[in-house]
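> Let's see this in three dimensions:
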Amino acid sequence: MKKGWNQEEMAFRLNVNQSDISKYEYDHKEPLISIFHRWASVTNSQDVLVAYMAGVEGVTILANILATMGTGIMGFIRIGGFL
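Residues are numbered from 1 along each chain as shown. Okay, the predicted model is just below:
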């Protein structure tokens, strides 16, 4: 988990049950957008939320970041198809 938190810590920060966090991690349950928004906020991962909402998969995000390291944010945005 980002920030090194365990499921219990994340559940506490999101005000949900630990079992819900487990279900989210293993794709057995999809979080409500309000939970996803809080997750992005408490982990400082708003970029992931924006990419997810735009339909970009995590692997694509990582590939774009690695391919454009050193080119600045504009290179990432162009390659990622956002412009």
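
> where does Leu62 land on pLDDT?
Each residue has a pLDDT score; the one for Leu62 is 64.

> Show me the shaky parts of this protein.
1-3, 58-59, 61-83 (pLDDT under 70).

> quick one, helices of it?
With DSSP state H, the ranges of helices along the chain come out as 7-14, 18-25, 33-42, 46-53, 58-68, 73-79.

> ok, now which ones touch Ile35?
Leu14, Val16 (Cβ atoms under 8 Å, 6 or more residues apart in numbering). Placement of C-beta: from N, CA and C, glycine included.

> Give me the distance between Trp5 and Pro31.
16 Å (Cβ to Cβ, to the nearest Å).

> Ok, Leu49 next?
Relative to Pro31, and taking Cβ to Cβ, Leu49 is found at 11 Å.

> Leu14 too?
Counting by Cβ to Cβ, the gap from Leu14 to Pro31 is 8 Å.

> Name all residues that sit in contact with these two at the same time.
Common neighbours of Leu14 and Pro31 (Cβ under 8 Å, 6+ apart) are Trp39.
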